[in-house]
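J.: Provided below for reference: sequence and predicted model.
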Amino acid sequence: MSKVVTIAIDAMGGDGSPKKVIDGIVHHSNNTSDIFYQIFGDKTKIEKLISDKLNNNSYEIIHTTNIVHGGDTPLEAAKRGKDTSMWLSIESVKNKKADIVISAGNTGALLVIAKLNLKMIENIDKPALSALWPNKKGMSVVLDLGANIECNEKNLIDFSIMGASLYKSLYPNDIAKVALLNIGSEEIKGNEVIKNTYQKLNSSNNEYFDFKGYVEGNHIMTGDVNVIVSDGFTGNIALKTAEGTANFITTELKSAMTNSLIGKISSLLNYFNLKKFKKRLDPRLYNGAIFIGLDSPVIKSHGSTDYIGFSNSLSVCEKIIKGDLINKIKTNILNAN
């Protein structure tokens, strides 16, 4: 019998919560087993939403009406006290009552409260915000996506190790192929930090990932590499550009297929191909940023996602714990030092 994974859930964060969170939990529970949900939030609201949709032995509700608001600064969120649904859920993993924590709430507040409560993994200086992106051959891990605007060589090497560890915990049968996001593929391209990081990674003997050098922005989606590393400034721009491009393409395609009779006929003839295309670009399938580098994993669900997206984030939580992410990072960091 598999180990029961306990997920601490901030039920009050994000748009449409707690309904979308509870609906996401119900949806996830129908497609998995060996999961226990610790749900933090307004018990009266949550119980009405759960009704009889969940097995009573699969969850508990920890009541609080104090919440972190979307417009709060990280400092304001911290000052709201230690009884907010976000703080209590993070505190649960700190006290080893849960294996992993997830929130769809305020990103800045989540990162700060997590850093206030959780220790860094030994020999890691900075945590990183990572996410899953689709590519032509499967999926990629991309980090850092905004937690650290400036990084040195050690930070980028740590991110490479953490990113590869995350990839292997999610896809244990695949090889982690790491590359540094850069303005060119030649060794002489990039700033001094990037070039020095390249030299150190290229000369190191990594048994747990293959270092593939540099990758340019237009090759991120080819699938030739599956762990893409950058500082948080560059990574966040890449993320927002990719999201905007995907939204532009789907919007323009929808307009072309619906604004004329020929377009409508074409859309009917290509219904199944268009449905496949839409699913491939559906952001709900890749929902869930992972804050790694702390001694417990923290998952940030997109605040505007729906219950399907939140359910997919819960699946990421499950895979991370069953894939033993934290121990993989600790072992790989130790071997690299």
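T.: Yes, it's here.

J.: residue 26 looks like it's in a strand, true?
T.: No: with the criterion set as DSSP: H, G, I helix; E, B strand; the rest coil, the secondary structure at residue 26 is helix rather than a strand.

J.: next SSE downstream of the longest helix belonging to the chain?
T.: If you go by DSSP state H, the chain has its longest helix at helix 232-258. Per DSSP states H and E, the first helix or strand lying C-terminal to helix 232-258 is helix 261-269.

J.: by how many degrees do that following helix and helix 232-258 diverge?
T.: Following axes from the mean of the first three to the mean of the last three C-alpha atoms, to 10 degrees, one obtains 110 degrees for the angle between helix 261-269 and helix 232-258.

J.: ok, back up a step: which positions in the longest helix of the chain come out as buried?
T.: Neighbour-count burial for helix 232-258, counted by 16 or more other C-beta atoms under 10 Å, picks out 232, 234, 235, 236, 238, 239, 242, 253, 257. Every C-beta, even on glycine, is put in place using the N, C-alpha and C of the backbone.

J.: which of the residues you listed lies closest to residue 301?
T.: residue 239 (15.3 Å; C-beta to C-beta).

J.: without its sequence neighbours, what residue ends up closest to that closest one?
T.: The spatial neighbour of residue 239 that comes closest, neighbours along the chain excluded (C-beta to C-beta, 6 or more residues apart in numbering), is residue 145 at 5.1 Å.

J.: which residues does the one you found contact?
T.: When contacts are counted by C-beta atoms under 8 Å, 6 or more residues apart in numbering, residue 145 touches 128, 129, 130, 131, 232, 235, 236, 239, 289.

J.: SS state for it?
T.: Under the three-state scheme (three-state DSSP), the conformation of residue 145 reads as coil.

J.: now it: phi and psi?
T.: In terms of degrees, to the nearest 10, the main-chain angles of residue 145 are phi -110, psi 20.

J.: need the pLDDT of it.
T.: With respect to pLDDT, residue 145 has a value of 91.

J.: distance check, it against residue 15.
T.: Residue 145 sits 20 Å away from residue 15 when distances are taken as C-beta to C-beta, to the nearest Å.

J.: what's the answer for residue 292, then?
T.: For residue 292, the distance to residue 15 equals 25 Å [C-beta to C-beta].

J.: pick out whichever of the two has more residues nearby.
T.: residue 292 (28 against 12; other C-beta atoms under 10 Å).

J.: show me the domain layout of this protein.
T.: Recorded structural domains for the chain (assignment: automatic domain parsing) are 1-122+293-324, 125-290.

J.: which helix or which strand is home to residue 214?
T.: For residue 214, the enclosing helix or strand under DSSP H and E is strand 210-215.

J.: with just CA atoms, put that strand into PDB.
T.: In PDB, the C-alpha atoms belonging to strand 210-215 read as follows (Å, rounded to 0.1, in the frame of the first residue of the first chain):
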ATOM      1  CA  ASP A 210      23.100  16.100 -18.900                       C
ATOM      2  CA  PHE A 211      24.300  19.600 -19.400                       C
ATOM      3  CA  LYS A 212      23.500  20.800 -22.900                       C
ATOM      4  CA  GLY A 213      25.000  24.300 -22.800                       C
ATOM      5  CA  TYR A 214      22.900  27.300 -23.900                       C
ATOM      6  CA  VAL A 215      19.300  27.500 -25.200                       C
END
